[in-house]
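> Have a look; sequence and predicted model below, questions after that.
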Amino acid sequence: MVENNDFSENMQESEENEKEDERKIDSWMIRPCDRYRDEYKDCTSIKARFHQYFVSGKYADCSQWKIDFNNCEKWTSKKDYTAYQELVASETNRRLKRLRAHYANNVWKKRDKPPEDWNKPLPQWLQERNATSYLELKNRESKIEAGQPREYKMCTIL
């Protein structure tokens, strides 16, 4: 009888550890609870309702923001795991919906690496045009403040 009790305790511990690992992986998706409340208030405001009706001819369904706010409150105050799972599922769904067009794109070829000449110097005419730009002036000021020239070499692959 003692062995079964130890076994069930070990099973509960392993389930808790799995839940904790899952929370660590997905916790970046959850916004602060105030953001969900603000999104709900913004979605249901008179200005937003007028815009929704003007653009799409109907009002948007704002109930998911309210549900997310309630789940966030349950998660932060009571550590309710089902609320956590529902909140992560909602954020995942929202993210997939937002990126649907990006993933369905078949016009542009996605890059695996940047082009070979991504950091080559700009053409002379463009260097002359940008010599008096606000960005160039701020860049010169920052070099003077630092006392040494800075080089910015960045590349972003989407």
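Yep, it's here. Since this is a predicted model, take the numbers as computed values, not measurements. Numbering: from 1, shown residues only.

> Could you list the residues in contact with stretch 32-42?
Ala48, Cys62, Trp65, Lys66, Asp68, Phe69, Cys72, Glu73, Thr76 (C-beta atoms under 8 Å, 6 or more residues apart in numbering). Quick note: C-beta positions are derived from backbone N, CA and C, even for glycine.

> between these, which is closest to Arg111?
For the contacts of stretch 32-42, the closest approach to Arg111 (C-beta to C-beta) belongs to Asp68, at 34.5 Å.

> right, and the closest one touches Ser90 too?
Yes: the criterion here is C-beta atoms under 8 Å, and Asp68 meets it with Ser90 at 5.3 Å.

> higher neighbour count, these two?
Asp68 (24 against 19; other C-beta atoms under 10 Å).

> how much space between that one and Gly57?
Distance, Asp68 to Gly57, by C-beta to C-beta, to the nearest Å: 26 Å.

> can you check Asn106 too?
30 Å.

> Kindly report the same for Tyr40.
In terms of C-beta to C-beta, Tyr40 sits 22 Å off from Gly57.

> Same drill for these two, tell me which one is more crowded.
Tyr40 (19 against 7).

> For that one, which non-adjacent residue is closest in space?
Distances taken as C-beta to C-beta, 6 or more residues apart in numbering place Trp65 nearest to Tyr40, at 3.7 Å, with adjacent residues excluded.

> got it, and Asp26?
Nearest one to Asp26, counting by C-beta to C-beta, 6+ apart, is Val88 at 4.6 Å.

> Hmm, that neighbour is touching Trp28, no?
No: Val88 is not in contact with Trp28 according to C-beta under 8 Å; the separation is 9.9 Å.

> what's the residue closest to the geometric middle of the protein?
Met29 (6.9 Å; C-alpha atoms, centre = their mean).

> Contacts only, for that residue.
Taking C-beta under 8 Å, 6+ apart, we find Met29 in contact with Leu87, Val88, Glu91, Thr92, Arg95.

> For whichever strand or helix holds the last one, which residues meet the burial criterion?
To tie it back to what came earlier, the one meant is Arg95. In this structure, Arg95 sits in helix 81-104 according to DSSP states H and E. Neighbour-count burial for helix 81-104, counted by 16 or more other C-beta atoms under 10 Å, picks out Ala83, Tyr84, Gln85, Glu86, Leu87, Val88, Ser90, Glu91.
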